[in-house]
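1. Make a model of this:
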Amino acid sequence: MSRNLPPLAAVRVFEAAARHGNFTRAASELGMTQASVSYQIKILEERVGAPLFVRRPRDVVLTGAGHLLAQAAGEALDQLAAAFADAKGQTSGVLSLSVFQTFASAWLVERIGGFQVEHPGLAVRLDTSVAVVDLAREDVDIAVRAGKGDWPGLTCHLLVPGQFTPMMSPALAARLDRDAGPGDLLRLPLISPAYRWWDSWFAAAGVSRPHADSGIASDLGAQDLEARVALAGQGVAMLNPIFFAAELASGDLVQPFDLVCKDSHDYWLCYRTARRTVPKIQAFRNWILREIAAAPES
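-> Have a look, this model is predicted:
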């Protein structure tokens, strides 16, 4: 079957320019001159018979025809790259994961051994960071992100809903009266008290929180670190009960009130849609969704 396709070099240049919105940055990524990028774009525009970009002094903006081609070009190049990687055997040996620290330490690490047993031919490379990796450009197969699961070019599966409630050690909870209410937490040291979850939870509980709160003023930046402080009896932490279900079940942590608030940022498993058929991605996706479904509700 004959295909009326434009030159692949021009498509590659167009995809980079569309992604960056800038010919100079596209040239830098591809190791070309800006003049070469402009020439390849001109070739493609002549084939299409319409301009693909509106040229501005410092950037370029896709036209209607450009928008139509940009997503298809990106997906096609991703699929081609994935196919070549498969052919070279690069997709079978190492699974690279980028995972938020709390999800990794509070949920994933105690279960990842089960995945390794099921797939002994895969070595898992785990990077824990708050940075949002670009799955289109970085050597990462799968990421766990917090948000709404609507990132362009990615297939996303809901893992853990974003929710939060105060937790503390039994020793600290003993300092509360039997008939204590949510406002009584203000008499205890709060861990990372400036974090937005505290204001949201107190507002939902009908508590007016003073601006000058006493608490552990440091922002620890990760729930697993805040949970360790709470386990040591040094303060009240605002945590996702799903991540700390084991500590709640054992009694190492106490949830003093039933009120659990919902956050707009859920935890999602994400990978490039163009790579959805890569065997190692399918294997990890199927495994983790099965583990999530089997996990007890908090």
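2. for stretch 122-134, what is the average pLDDT?
-> Stretch 122-134 shows a mean pLDDT of 86.
3. So which residues make contact with that stretch?
-> Identification of contacts with stretch 122-134 by CB atoms under 8 Å, 6 or more residues apart in numbering yields 92-101, 104-105, 108, 112, 115-116, 140, 143, 145, 221-222, 280, 283. Any C-beta I mention is one placed from the backbone N, CA and C, and that applies to glycine too.
4. Return the members of these classed as buried.
-> Neighbour-count burial (16 or more other CB atoms under 10 Å) applied to the contacts of stretch 122-134 gives 95-100, 104-105, 108, 112, 115, 140, 143, 145, 222, 280, 283.
5. ok so, going back, let's see which of the contacts of stretch 122-134 end up in helices.
-> Residues of those located in helices (DSSP state H): 101, 112, 115-116, 280, 283.
6. Run a quick neighbour tally on residue 10.
-> Counted by other CB atoms under 10 Å, the residues lying close to residue 10 total 20.
7. That one touches residue 40, doesn't it?
-> Yes. The criterion here is CB atoms under 8 Å, and residue 10 meets it with residue 40 at 4.4 Å.
8. for this protein, where's the lowest mean pLDDT among helices and strands?
-> helix 64-88 (a mean of 81; mean pLDDT, DSSP states H and E).
9. Can you give the distance of that one from its chain's centre?
-> Offset of helix 64-88 from its chain centre (CA atoms, centre = their mean, to the nearest Å): 22 Å.
10. can you give me the helices for this structure?
-> 8-20, 23-30, 34-48, 64-88, 101-103, 112-118, 170-173, 196-204, 223-231, 245-250, 279-294.
11. least reliable of those going by mean pLDDT?
-> Ranked by mean pLDDT, those bottom out at helix 64-88, with a mean of 81.
12. Please name every helix or strand in contact with that one.
-> Secondary-structure packing of helix 64-88 (3 or more CB pairs under 8 Å, 6 or more residues apart in numbering; DSSP states H and E): helix 8-20.
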